[in-house]
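Asks: can you look at this prediction? I've put the sequence above it.
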Amino acid sequence: MVQGVSPTQIWMDVKRLSARGFTLYDVSRFLLDYTVADNSSKHAEGGSQPVFQAAFPSALFPVLPCLGS
């Protein structure tokens with residue numbers, strides 16, 4: 001489902017994701033709830049801290065209130 005990853009973006013195969021019953025919004029919610037502990041097989045310092053500060057589909061950029069209209 002992931003087509004590519006960079007430090008600032010994740011490219012998703014939206015058709016494949018949809019075929020499995022998920023949306024880009026679902027992925028963004030998962031990533032926002034993803035913690036340091038979720039990302040580690042061992043006890044990690046700051047375990048309950050989120051890994052990502054923000055996660056949202058780029059399709060939302062045009063409607064973000066912080067960007068104006």
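Replies: Structure's in. What do you need? Everything numeric in this text was worked out from a predicted model, so none of it was measured.
Asks: name the helices or strands packed onto the longest helix anywhere in the chain?
Replies: Determined from DSSP state H, the single longest helix within the chain is helix 24-33. Identification of packing neighbours for helix 24-33 by 3 or more CB pairs under 8 Å, 6 or more residues apart in numbering; DSSP states H and E yields strand 10-12, helix 14-19. All C-beta atoms are positioned from the backbone trio N, CA, C, and that covers glycine.
Asks: those: which one's closest to Phe52?
Replies: Proximity to Phe52, assessed across the helices and strands packed on helix 24-33 by CB to CB, is greatest for strand 10-12 (10.1 Å).
Asks: okay, now the sheet partners of the closest one, with direction.
Replies: Next to strand 10-12 in the sheet, as set by DSSP bridges, lie strand 2-5 (antiparallel).
Asks: re earlier: least confident of the helices and strands packed on helix 24-33, on average?
Replies: Across the helices and strands packed on helix 24-33, strand 10-12 has the smallest mean pLDDT, namely a mean of 87.
Asks: from Val63, how far out is Gln49?
Replies: Gln49 sits 29 Å away from Val63 when distances are taken as CB to CB, to the nearest Å.
Asks: equivalent analysis for Ser6, please.
Replies: 23 Å.
Asks: and if you look at Leu31?
Replies: For Leu31, the distance to Val63 - CB to CB - is 19 Å.
Asks: can you check Ala54 too?
Replies: Ala54 is 15 Å from Val63, by CB to CB.
Asks: low pLDDT regions in this protein?
Replies: 43-44, 46, 67-69 (pLDDT under 70).
Asks: let's see that with 80 instead.
Replies: 7-8, 41-47, 55-69 (pLDDT under 80).
Asks: show me which of Leu31 and Val63 is the more surrounded one.
Replies: Per other CB atoms under 10 Å, whichever of Leu31 and Val63 has more neighbours is Leu31, with 15 against 8.
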